[in-house]
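1. what follows is a predicted protein model with its sequence.
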Amino acid sequence: MPASTSKYQYITCDTSKCVGCQLCEYICSYIKTGEFNTFRSCIRTVRAHKILMTAVACRTCEDAPCVIACPRDALSQDPITGIIHIDANRCDGCAWCIEACDFGVISIDPETKLAEICDQCEDEEDGPQCVKWCPKEALELTTPDRRAQRARRKLAIEEVLGR
Amino acid sequence: MYGYSGKILHIDLATRKTWVESKPEQWYKIYIGGVSMASRLCWENIEVGCDPLSPGNPICIANGIFAGTPVPVGGKYGMASKSPLTGFIGDSMSGSWFPVALKRTGWDGFVIHGASDKWVNVFIDDDKIEFRDASHLLGLGTTETEEAISEEFGDDQVRSATIGPAGENLARIANVSNDGRKAGRTGHGAVWGSKKLKALSIRGTHGVSVADPETLLKLSYEILQAAQGPHTQKYRVLGTSSNVLNMNKLGLLPTRNYQQGTFEDAELISGEYLHEHYKAKTIACAQCPIACEQVGQVKEGPYAGAMGHVEYESLYALSSNCGVNSFPAIIQAITNCNEFGLDTMSSGVTISWAMECYQRGVFTKEDFKCEKYPDGFEAEFGNGEAVVTLTEMIANREGYMGNLLAEGTKRASAQVDEERGTETYKWAMHIKGLECPGYDARTLKTFALGLAAGTRGACHNRTAAYDPDIKGEVDRFSVDETRGRLAKSTEEYAAVYDTLPLCKFIRRCFTGKADRAGAWPAIANLINATTGWDFDYDAVDLIGERAHTIKKAFNIREGWTREDDHLPYRWQYEPMEVGPSAGYVVTDEELEYLKDIYYEAKGWTKDGLIPKEKLIALGMDDVAEEIGV
C-alpha cells in the first residue's frame, strides 16, 4: 500500500482494532447527505479477507494529484488543513480525480453525480463523526509524524519495560 | 411509511417471472420483519402439506426494521421455509453486510417460488432482477462462491448469500451463508439446493430514510457506548466460547453424544485456551459495535491454514460431544462446515450419534469407507480426524456414512434401525428432527419444556428458558407450576429480538437490565424514531407473541399434534452416571405436566391448539379462519 507523506492530518484506521462494522460509513453518509447509505460515504470500509478489515478516507496528500488532475479546476486544497474542497458548480463528475487517487478514497455520489471527498467534518464542533462513532477507537485524525512518534514510544516501552 | 417500502418482491425460479405485492402498514405493524415476517410470508405462500424439498416450498426472506441504519446490531434478516429436517417451520436469521445490502434494494421482503431446471444465481440489482447461470460455481465453498461472484461483477458492493456443496447435495443439515455468517439450523441449504439456487446476489444502492434521524442517532450512540462496557465484556473478550467452562462446571456440557455433562478435557477446548493459543482476530457483523466473533486459526500441523469462527455452539457439538480435545482438528471441522455450508451443531450431533453407534458396535470400520480412507476408519469418540473427515463426507454425501448422516440424526437413526433391527433412535439427540443444542436439559427443566415445545425443534435461540434455570431463579432439577409461564415468557422475549431483528447480545445495553422493563421502552423508542409509529411497552411485547403464534399456526396447519412436543429418549430415560447432573431425567409425568401448564399459560387448548378468539385478539383473523378452534 502506498503511504502518504502528507504533513496534514487525515483519518487513519488501525487495522488491528477495526472489526469491519461499517458504522463509520453510516454516520458519514448521514452527516453529508441526510440519509443512511454507505454508497454515499466519504470513508469506505474494506473487507478483503476473513480477518482483514480496515477503513480508508482522504489522505490529504501534499500537492494532491486529484487537484492537479481535475480538468475543470473544481478541486482545491486548503493550504492550512490540506482538506480538498470541491466546487459543486464546477465539478461535472468526470472522475479524473478518482483515477488520480492512489488510495481509492474519492467517489462519485450516486445521487448528485459529483465527486465526494472527506472533509474531516471541519464544520462539526466535535470533529470527524466517524472517529466519534468508531466503537473500537480504530479511527483517528492524525498525521504520519504523530503516528510514527507513537510507534517509537510503543516500541521503547515494549523493549525496555517489557510492556 | 418510514423504514419500509410497502413492497414484497416475488420471484418464480421455474417461469423466471417476477411480480410485486403491496402490503398495508397494518400488516407491517403486526409482523414487523425478521423471522416473524419471513414466517408469515411462508404461511401465505407455501403449498400446504408439500415436501420441503419440492417446488411448493418457498424461500421467504424479510429485512430487519433497523437494517441499514446506525442502530447497533440491527443489520440482520430473517429467512423461512418449511424445514426438511422437521417438516415444520424453519426460521433462521443471519447478519452482516448482505442484509444491509438487501435493505438498500428498497424491498421489504422476498419470496422465491418454484424450482429452476438449471443452477442459478439470482441477482437483485435494486429494481432489476437477473437470472444468471451458476453452473461454474458448483462445488465451490461458500466464501469462494461469494468471492467468485464479486469478481464476476468486478464490484465488491455486490453481496451474496450462498450454499456450499452440502446444500447442492441436499444434505438436510445444510445452511445458507453470507459474509461468514449463517442462516443456520433448519436445513435452508437443502431447500436452496432443491431449487437449484446456488446464490442470491444483491446490489442495493438506495438510502434508508427514517422518521426521526436525529433521535435515532442519539439513541444509537448511547447504545453504542454502553456496548463497550461491562454488559458485553463476555462477548467482546472471549466470545460465546467462554461458556465451555461454565457449562462443564454445571454438568451441562454435552459430552460423547450427551452420555455425560462434563468433559475431562474442558480446559483444552475453552474460550480461554482458544484466546491464548489460536485466536487470529475478533470481528463484527456490519452495524455491530460489540464484535464477538472470535476467529480461530491453525498455523502448523496437519490442519495448518484452517480458519473459522469458534462459537460455543460449534465447539460443544464438534468437540466435547464428539470427545475431541484438540483445537486444530476442531477449527478444521468448523472451517469445513462453514465452507461446505453445513450447520455446525447439527453436523456435530449427527456425527456424535454415529460415533456412539461405533462405540456400541452397531457400526464398524467398514461402514466409514471413503476416498481418503478406502478401508474405512475407527470412528471412536475423541478421533478428531474422524470428525473432520465426516464433515467432508456429509457435504459430498460420500460413501454409505456420508449419505446417511447428510439426512440428519432422526432420519439416519430410523434408517439404521430399519436396516439392522437396532434401537439407535435412543441415542438420536433431536426434537422434531432438529439436533439438540449445547445445554443438557436433564437438569434444566424449564429449558426442557422450552425445547420440547419449540416450533423450530430443539433450538436454544428461540427459547431462552435456560435463563431462569441457570441463574437459579428456579430449581433447575425439579418442576413446579411456574414453568409454563416462564417458558411462554422467555420464548416470546426471544421472539421480539428475532423479529426486529436485534442481536440478543445487546440486551443489557439499553438500561443495564436485560428484562422487559429494561429493554422494551428503549426498543419502542428505536421503532418509533425509525417508523414514526407510536409503539409502547405493550406493543413491543406483542411482537414476540405474534411472531411465536404465526410459527405455531404454521406448524398446526402442517399437521402438528401434542405428541410432537417431545424430548429425546436419552433425556427422558437415561440418567448420567457422573457429574452434577448425575441421576436426573425428565420423566413422562413431568413432561406431560409441563406441556399442560405451558399450553394453559399460552391460552391454548389442552391439545395445544389455538382458540379462534386468541388469534383474532392478536389481529390474525385470517389465521383464525384456517386453524383456530
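-> Arrived safely, thanks for sending. As the structure is a prediction and not an experimental result, all values here were calculated from the model.

2. domain assignment for chain B?
-> Following automatic domain parsing, one gets these domains for chain B: B:7-203, B:234-428, B:441-627.

3. what would those domains look like in CSV with mean pLDDT and distance to A:Glu122?
-> (C-beta placed from N, C-alpha, C; glycine too.) CSV is the format used below for these (pLDDT from 0 to 100; distance: least, CB to CB, whole Å):
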stretch, mean pLDDT, distance to A:Glu122
domain B:7-203, 97, 22
domain B:234-428, 97, 25
domain B:441-627, 97, 28
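
4. closest one to A:Asp63 among those?
-> Of all the domains of chain B, domain B:7-203 sits nearest to A:Asp63, with 29.9 Å by CB to CB.

5. for the spatially most central residue of chain A, give its distance to A:Pro65.
-> For chain A, A:Ala57 is the residue whose C-alpha lies nearest the centre (CA atoms, centre = their mean; 1.7 Å). According to CB to CB, to the nearest Å, A:Ala57 stands 16 Å off from A:Pro65.

6. name the helix or strand for the residue in the stretch 401-550 of chain B that chain A sits nearest to, please.
-> Closest residue of the stretch 401-550 of chain B to chain A, CB to the nearest CB: B:Thr530 (10.4 Å). Element membership for B:Thr530 (DSSP states H and E) is helix B:516-531.

7. helix, strand or coil: sort out B:His231 for me.
-> Following DSSP: H, G, I helix; E, B strand; the rest coil, we place B:His231 in the helix state.

8. again, but for B:Ile112
-> strand.

9. what is the burial count for residue 86?
-> Went with chain A since none was named. 19 (other CB atoms under 10 Å in any protein chain shown).

10. nope, chain B
-> Using other CB under 10 Å, B:Thr86 has 29 neighbouring residues.

11. ditto for B:Arg132
-> 16.

12. again with B:Glu481
-> 10.

13. ok, now how distant is it from B:Asp475?
-> 13 Å.

14. what do you get for B:Phe381?
-> Applying CB to CB to B:Phe381 and B:Asp475 gives a distance of 32 Å.

15. so those two - more neighbours on which side?
-> B:Phe381 (20 against 13).

16. sec struct for that one, please.
-> Per three-state DSSP, B:Phe381 ends up coil.

17. ok, and the closest non-adjacent residue to it?
-> Distances taken as CB to CB, 6 or more residues apart in numbering or on different chains put B:Gly323 closest to B:Phe381, at 3.2 Å, once the chain neighbours are dropped.

18. again, but for B:Ile334
-> Per CB to CB, 6+ apart, closest to B:Ile334 is B:Gly308, 4.1 Å.

19. same question for B:Tyr569.
-> Spatial nearest neighbour of B:Tyr569, excluding adjacent residues (CB to CB, 6+ apart): B:Lys426 at 4.5 Å.

20. and B:Lys612, by the same measure?
-> Nearest non-adjacent residue to B:Lys612 (CB to CB, 6+ apart): B:Gly628, at 3.3 Å.

21. A:Tyr30 against B:Glu214, yeah?
-> No - look at A:Tyr30 against B:Glu214 with CB atoms under 8 Å: they stay out of range, at 9.7 Å.

22. what does chain A have sitting close to chain B?
-> A:19-23, A:26-27, A:29-30, A:33-40, A:47, A:50-51, A:53, A:110, A:133, A:135-136 (CB under 8 Å from any CB of the partner chain).

23. out of the residues you listed, which sit inside strands?
-> If you go by DSSP state E, the residues of chain A next to chain B have A:47, A:53 in strands.

24. buried subset of the residues of chain A next to chain B?
-> A:19-23, A:26-27, A:29-30, A:33, A:35-40, A:47, A:50-51, A:53, A:133, A:135-136 (16 or more other CB atoms under 10 Å in any protein chain shown).

25. A:Gly127: which of the domains of chain B is closest?
-> Going through these one by one, with CB to CB as the measure, domain B:7-203 comes closest at 17.6 Å.

26. got the end-to-end distance for that closest one?
-> Distance across domain B:7-203, first residue to last, is 17 Å (CA to CA, to the nearest Å).

27. ok, and does it reach over to chain A?
-> Yes - against chain A, domain B:7-203 shows contacts by CB under 8 Å from any CB at B:68-70, B:72, B:75, B:97, B:100, B:104, B:143, B:156-157, B:179-180.

28. helices along the stretch 201-350 of chain B, start to end?
-> With DSSP state H, counting those that start in this stretch as the criterion, the stretch 201-350 of chain B has helices at B:213-226, B:233-237, B:243-250, B:271-277, B:312-318, B:327-340, B:344-359.

29. with mean neighbour count added, can I get those helices in TSV?
-> TSV is the format used below for the helices of the stretch 201-350 of chain B (neighbours: other CB atoms under 10 Å in any protein chain shown):
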stretch	mean neighbour count
helix B:213-226	18
helix B:233-237	17
helix B:243-250	20
helix B:271-277	17
helix B:312-318	28
helix B:327-340	27
helix B:344-359	28
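
30. put together CSV for these, with distance to B:Ala453 on each row.
-> Output for the helices of the stretch 201-350 of chain B, formatted as CSV (distance: least, CB to CB, whole Å):
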stretch, distance to B:Ala453
helix B:213-226, 32
helix B:233-237, 28
helix B:243-250, 22
helix B:271-277, 30
helix B:312-318, 20
helix B:327-340, 28
helix B:344-359, 19
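
31. thinking the residue of the stretch 401-550 of chain B closest to chain A is in contact with B:Pro213, fair?
-> No - with contacts counted by CB under 8 Å, B:Thr530 stays clear of B:Pro213, the gap being 9.3 Å.

32. re earlier: contact partners for the residue nearest to B:Phe381?
-> B:255-256, B:263, B:355, B:380-383 (CB atoms under 8 Å, 6 or more residues apart in numbering or on different chains).

33. can you pick the most crowded of the residues you listed?
-> Neighbour-wise, the contacts of B:Gly323 (other CB under 10 Å) top out at B:Thr255, 29 neighbours.

34. and it, how close does it get to B:Pro568?
-> Separation of B:Thr255 from B:Pro568 (CB to CB): 15 Å.

35. much appreciated, bye for now.
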